[in-house]
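Colleague: one predicted model, sequence on top.
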Amino acid sequence: MKYFLNIEEIRPLAKGHWDYIFSALAPQLSAAMEQPGKHVPCPVHGGKDGFRLFSNYQENGACVCNTCGEFRDGFKTLEWINGWSFF
Ligand SMILES: [Zn+2]
């Protein structure tokens, strides 16, 4: 099934709620969500401690993996983690 979402309409609604959104849509992030800003194993490629959510990730959902790259907002994070495409 294909959904059509206008990300620019959703973005302001999601702002500040990425902890809830990730809990529902990306449970792989639970270790990182328990300690935002701290390094944990990457939920996609594994490893030891190359991944972290930014300490204020609830605001915009940004995260970074030393190997996989930086994901500037929660939509990019969900695309990467779940293999989705919003754009
Ligand atoms: Zn990674």
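Modeller: Looks like it came in fine.

Colleague: work out the gap between stretch 54-72 and the centre of the chain.
Modeller: Averaging C-alpha positions (C-alpha atoms, centre = their mean, to the nearest Å) puts stretch 54-72 6 Å from its chain's average.

Colleague: for it, what is the average pLDDT?
Modeller: Here stretch 54-72 scores 98 as its mean pLDDT.

Colleague: which residues touch that stretch?
Modeller: With C-beta atoms under 8 Å, 6 or more residues apart in numbering as the test, stretch 54-72 has contacts from 14-19, 21-22, 29, 32-33, 36-37, 42, 44-45, 47, 50-53, 73-80. C-betas here are computed from N, CA, C, even on glycine.

Colleague: near the ion, which of those show up?
Modeller: Among these, the residues that sit close to the ion (C-beta under 5 Å from the ion) are 42, 44-45.

Colleague: top of the residues you listed by neighbour count?
Modeller: Note: the member of the ones next to the ion among the contacts of stretch 54-72 with the most neighbours is Cys42, at 22 neighbours, neighbours being other C-beta atoms under 10 Å.

Colleague: A strand includes Val64, no?
Modeller: Yes. Val64 forms part of a strand when assessed by DSSP: H, G, I helix; E, B strand; the rest coil.

Colleague: ok, now how distant is it from Lys15?
Modeller: 19 Å (C-beta to C-beta, to the nearest Å).
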